[in-house]
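Participant: What shape does this take:
(one chain, ligands or ions: 1)
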Amino acid sequence: MRNRCIVCEAPLWEKPLYACKNMPSVSQNLPTADTLSHDQPIHANMRQCMGCGLVQFDCDPVSYYKDSTRANERCASLIHLRETQYKYFIEHYHLQGKKIVEIGAGKGGFLKTLKECSQSSNYRVQEYGLEWNPNFVTIAREKEGVNMQQGDPECETTKIAGAPFDAFTSFAYPARLIHPNAMMQCIYKNTTKSAVGFIQVPSFEHLIQPGGFFDLTVDHIAYYDVSSLQFLLQKNGFHLLEYGFVSNLYLYAIVQKRQPYDLQTAWADIELLKKQFQDFVAENTKNQKKIAVWCAGHFAFVTLATTDTGSKIAYIIDKAPFKQNRYAPISHIPIVSPKHYTKEPVDMIIILAPLYIDEIVQEIRTLCSSHVKIAAMDYGKGIYRIS
Ligand SMILES: [Zn+2]
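Facilitator: Okay, here's the model as predicted:
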């Protein structure tokens with residue numbers, strides 16, 4: 001019995017959500033006449049993670065859990081469904097001419113549909129598959145004629161021949177795995193920088209509908225809902241682009257590998273804004289003119305410290321008594337109450353609190369002076385005169 005979540009390792013709620021009694025112990029490798037006497041029911045507890053919320057059985061997975069056992073991969077309804085999904089995925093995410101790998105690709109039936117779909121629509125997609133069960137791999141190659149390789153999809157160091165791939169798909173496979181993070185890391189390491197993926201799992205939302213219970217199988221160690229699937233994907237470096245339900249039974253997500261933010265570009269204007277602030281302070285402290293700042297908050301502290309203008313500011317006014325008689329970090333400017341203005345008047349007060357500019361203008365006029373010059377620094381605008 002496991003007490004920790006297979007995705008986030010947080011504790012599971014101690015009390016099972018449901019004790020599933022007299023469940024079939026397998027859905028594949030069915031008993032024969034000779035083995036019938038060994039066929040015993042299992043009692044499996046469904047439990048939920050206190051952290052990510054994933055609902056999971058707390059027992060061991062079935063012995064064949066890494067085999068992507070799928071019957072009827074090539075039945076007419078599944079061919080039609082996969083075609084619809086592939087067409088949307090390829091056309092919407094511009095995957096024409098790209099390499100797509102299916103993880104846990106079973107006997108290659110879905111890959112064959114992808115291959116046929118690519119040929120009939122001239123998508124020029126190169127199909128690849130990774131499957132654990134060597135017999136399935138042989139069937140995929142010899143019967144379906146698709147590009148399949150044997151390997152461990154539940155191992156983050158598995159190298160998939162043909163990598164890096166531009167896109168991946170996986171159908172129900174993550175729900176089988178006791179180490180789903182390892183599968184996602186395997187995908188992460190075998191795909192391109194901006195790879196996209198289509199992942200489908202049995203939907204927990206379906207299970208809790210009337211009668212949904214009978215769709216349970218211990219072949220699936222976990223039942224993801226939108227939130228816990230998104231958590232698994234995000235935890236492993238992918239962000240959710242879209243999600244939806246298929247026939248109310250399955251939950252799918254389309255994801256993309258997350259890139260780090262580009263702060264060099266986003267903050268490319270910082271040097272210019274700093275220079276404007278420095279020039280403004282220099283211009284307004286010429287000929288013994290004096291400047292004060294209003295608001296002893298982090299915006300002011302960062303502005304004054306990073307522009308190295310502290311020596312040119314007489315003081316910082318702040319109404320909060322617990323800040324008064326202290327000093328701004330790094331710039332070491334004294335912090336005073338608004339009353340200090342009457343003892344040591346200045347020519348200009350610069351407001352360094354973008355959220356409260358209008359309010360502070362009124363306070364300056366009321367508490368300090370009706371004629372002192374006022375300036376402010378605002379997001380994106382830089383420093384500017386108000387009056
Ligand atoms: Zn969890």
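Participant: chain center to stretch 174-184, what's the gap?
Facilitator: 17 Å (C-alpha atoms, centre = their mean, to the nearest Å).
Participant: Just confirm Asn133 contacts Ser68, I think it does.
Facilitator: Yes - judged on C-beta atoms under 8 Å, Asn133 makes contact with Ser68 at a distance of 7.3 Å. Glycine gets a C-beta too; all of them are placed from N, C-alpha and C.
Participant: can you give me the strands in the stretch 51-200 of the chain?
Facilitator: For the stretch 51-200 of the chain, the strands defined by DSSP state E, counting those that start in this stretch occupy 55-57, 99-103, 126-131, 148-150, 165-171, 191-202.
Participant: List of residues touching the last one?
Facilitator: Put plainly, it is strand 191-202. 85, 89, 93, 95, 101, 163-172, 174-175, 187, 215, 220, 223-224, 229, 233, 238, 241, 246, 249-257, 259 (C-beta atoms under 8 Å, 6 or more residues apart in numbering).
Participant: Which residues belonging to that strand are considered buried?
Facilitator: Thr191, Ala195, Val196, Gly197, Phe198, Ile199, Gln200, Val201, Pro202 (16 or more other C-beta atoms under 10 Å).
Participant: Tell me the spacing between the second one and the ion.
Facilitator: This points to Ala195. 25 Å (C-beta to the ion, to the nearest Å).
Participant: What subset of the contacts of strand 191-202 is buried?
Facilitator: Those of the contacts of strand 191-202 that meet the buried threshold are 85, 89, 93, 95, 101, 163, 165-172, 174-175, 187, 220, 223-224, 229, 233, 238, 250-257, by 16+ other C-beta under 10 Å.
Participant: Out of those residues, which sit inside helices?
Facilitator: If you go by DSSP state H, the buried ones among the contacts of strand 191-202 have Gln85, Phe89, Ile187, Leu229, Leu233 in helices.
Participant: Looking at those residues, spot the one nearest the ion.
Facilitator: Leu229 (11.8 Å; C-beta to the ion).
Participant: pretty sure that closest one is touching Leu251, no?
Facilitator: Yes - Leu229 sits in contact with Leu251 when judged by C-beta under 8 Å, with a separation of 6.2 Å.
Participant: Give the intersection of the neighbour lists for the two.
Facilitator: The contact lists of Leu229 and Leu251 share Val201, Tyr243, where a contact means C-beta under 8 Å, 6+ apart.
Participant: ok, back up a step: now the ones in helices among the buried ones among the contacts of strand 191-202 as JSON lines including distance to Gly151 and pLDDT?
Facilitator: Output for these, formatted as JSON lines (distance: C-beta to C-beta, whole Å; pLDDT from 0 to 100):
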{"residue": "Gln85", "distance to Gly151": "24", "pLDDT": "98"}
{"residue": "Phe89", "distance to Gly151": "23", "pLDDT": "98"}
{"residue": "Ile187", "distance to Gly151": "12", "pLDDT": "98"}
{"residue": "Leu229", "distance to Gly151": "24", "pLDDT": "98"}
{"residue": "Leu233", "distance to Gly151": "21", "pLDDT": "98"}
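Participant: So for the residue nearest the centre of the chain, what's the nearest residue that isn't a sequence neighbour?
Facilitator: Ranked by distance to the mean C-alpha position of the chain (C-alpha atoms, centre = their mean), the top residue is Gln234 at 3.2 Å. Nearest residue to Gln234, sequence neighbours excluded (C-beta to C-beta, 6 or more residues apart in numbering): Leu240, at 7.3 Å.
Participant: which stretches of the stretch 251-387 of the chain form strands?
Facilitator: Along the stretch 251-387 of the chain, counting by DSSP E, counting those that start in this stretch, strands occupy 291-294, 313-317, 335-336, 348-351, 373-378, 382-385.
Participant: For the ion, which of the ones you listed is the nearest?
Facilitator: strand 373-378 (42.8 Å).
Participant: per-residue confidence for Ala71?
Facilitator: What the model reports for Ala71 is a pLDDT of 84.
Participant: For the nearest residue to Leu241 once chain neighbours are set aside, which residues are in contact?
Facilitator: Once flanking residues are discounted, Leu241 sits nearest to Ile254: 4.7 Å by C-beta to C-beta, 6+ apart. Ile254 is in contact with Phe89, Tyr93, Val196, Gly197, Phe198, Ile199, Leu240, Leu241, Glu242, Tyr243, counting by C-beta under 8 Å, 6+ apart.
Participant: got a list of what the closest residue to the fifth one other than its chain neighbours touches?
Facilitator: Put plainly, it is Phe198. In space, and not counting its chain neighbours, Phe198 is closest to Thr169: 4.6 Å by C-beta to C-beta, 6+ apart. Thr169 makes contact with Phe89, Ile100, Val101, Glu102, Ile103, Phe110, Leu114, Gly197, Phe198, Ile199, according to C-beta under 8 Å, 6+ apart.
Participant: Then Asp166?
Facilitator: Asp166 touches Leu95, Lys98, Lys99, Ile100, Thr191, Thr192, Ala195, Val196, counting by C-beta under 8 Å, 6+ apart.
Participant: run the last query once more with 6 Å
Facilitator: Lys98, Lys99, Thr192, Ala195 (C-beta atoms under 6 Å, 6 or more residues apart in numbering).
Participant: do Gly151 as well
Facilitator: Gly151 touches Leu130, Thr158, counting by C-beta under 6 Å, 6+ apart.
Participant: Which phi and psi values does it adopt?
Facilitator: Here the main-chain torsion angles of Gly151 (degrees, to the nearest 10) amount to phi -180, psi 170.
Participant: what does the one 4 residues further on give?
Facilitator: In this entry, Cys155 is assigned phi and psi values of phi -140, psi 120 (degrees, to the nearest 10).
Participant: Count the residues that sit near it.
Facilitator: Residues lying near Cys155 (other C-beta atoms under 10 Å) number 15.
Participant: Not counting sequence-adjacent ones, nearest residue to it?
Facilitator: Nearest residue to Cys155, sequence neighbours excluded (C-beta to C-beta, 6+ apart): Ala182, at 5.7 Å.
Participant: Quick one: residues contacting the one you found.
Facilitator: Ala182 neighbours (C-beta under 6 Å, 6+ apart): Glu154, Cys155, Glu156.
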